[in-house]
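>>> structure here, sequence nowhere to be found:
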């Protein structure tokens, strides 16, 4: 597989201009701000890494943060579900998710194509949260979304409603519950309700530039040091 690494802008964790819940618990900024995502191969397993701008842990959750919910939905092959549960987005037609990972301060779950759910390990490595998946390495499509943690919803994303409240996000009716997503055009994703997957093929350009540069270097060296 081609290793994948994406950065996401700091400060774009407000969805469609959402206002955060009014409870003092949510006054600190950045705890649901996605700033990076990485997928890489480690042996015969796929490792997923996510970075948030800040890790607020007022509730002393075992994973080191307590106010955010992270959903990673993976398109591994044909078919799949075209609704991103919890996050509230749809996928493009024919690019539904087959595997998903749900990460909160208290749990890390692997949702499989057969409907089964298995706990997976999560570790903190510097600014990164690292998930050890049971999925074999591959060049997949990824949907990554971050929301506010809610223990009472099935996928632990805090809902949005007009007017908001002490414990509810203030935003348009029917808007996605995720406050930040990994996207090349986040505004378009929120306006359309469709999140495009990110893929490793989008990162091939640096490798192509490197390969071309090495090719030029080898040619120059061949002229500089001709064989005798």
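Nice, thanks for sending it over. Fair warning: this is a prediction, and the values are worked out from it, not measured in the lab.

>>> which SS state does the residue nearest the centre of the chain fall under?
The structure's the chain has its C-alpha centroid closest to residue 144; by Cα atoms, centre = their mean the separation is 2.6 Å. Per DSSP: H, G, I helix; E, B strand; the rest coil, the local secondary structure of residue 144 is strand.

>>> from the chain's centroid, how far away is stretch 133-147?
The chain centre lies 8 Å from the centre of stretch 133-147; the measure is Cα atoms, centre = their mean, to the nearest Å.

>>> ok, stretch 52-66 next?
17 Å.

>>> equivalent analysis for stretch 63-75, please.
For stretch 63-75, the distance to the chain centre is 8 Å (Cα atoms, centre = their mean).

>>> buried set for that stretch?
Using 16 or more other Cβ atoms under 10 Å as the test for burial, stretch 63-75 gives 63, 65, 66, 67, 68, 69, 70, 71, 72, 73, 74, 75. C-beta here means a position set from N, CA and C on the backbone, and glycine is covered the same way.

>>> so which of those residues is the closest to residue 170?
residue 67 (16.7 Å; Cβ to Cβ).

>>> wait, the closest one sits on residue 55?
No: in this structure residue 67 lies outside contact range of residue 55 using Cβ atoms under 8 Å: 9.0 Å.

>>> shared neighbours, these two?
Shared contacts of residue 67 and residue 55, defined by Cβ atoms under 8 Å, 6 or more residues apart in numbering, comprise residue 31.

>>> picking that back up, residue contacts, the closest residue to the residue nearest to the centre of the chain other than its chain neighbours?
Leaving out its chain neighbours, the residue that sits closest to residue 144 by Cβ to Cβ, 6 or more residues apart in numbering is residue 182, at 4.0 Å. Applying Cβ under 8 Å, 6+ apart to residue 182 gives the contacts 6, 8, 34, 37, 142, 143, 144, 145, 198.

>>> hmm, back to that, what about the residue nearest to the centre of the chain, distance to residue 199?
Distance of residue 144 to residue 199, given as Cβ to Cβ, to the nearest Å: 12 Å.

>>> again, but for residue 79
17 Å.

>>> looking at those two, which has the bigger crowd around it?
Neighbours per residue (other Cβ atoms under 10 Å) separate residue 79 from residue 199, with residue 199 holding more: 16 against 13.

>>> identify the residues contacting the closest residue to that one other than its chain neighbours.
Of all residues not flanking residue 199 in the chain, residue 141 sits nearest, at 5.2 Å (Cβ to Cβ, 6+ apart). Residue 141 is in contact with 74, 75, 95, 197, 198, 199, counting by Cβ under 8 Å, 6+ apart.

>>> and stretch 51-65, what's buried?
Here stretch 51-65 shows 51, 52, 53, 54, 55, 56, 61, 63, 65 as buried, counting by 16+ other Cβ under 10 Å.

>>> what residues does that stretch touch?
For stretch 51-65, using Cβ under 8 Å, 6+ apart, the contacting residues are 10-11, 13, 25, 28-37, 66-68, 70, 103-106, 108, 122, 124, 127-129, 146.

>>> same question, stretch 189-197
So stretch 189-197 is in contact with 15-16, 75, 84, 87-92, 95, 141-143, 145, 175-176, 181, 183-185, going by Cβ under 8 Å, 6+ apart.
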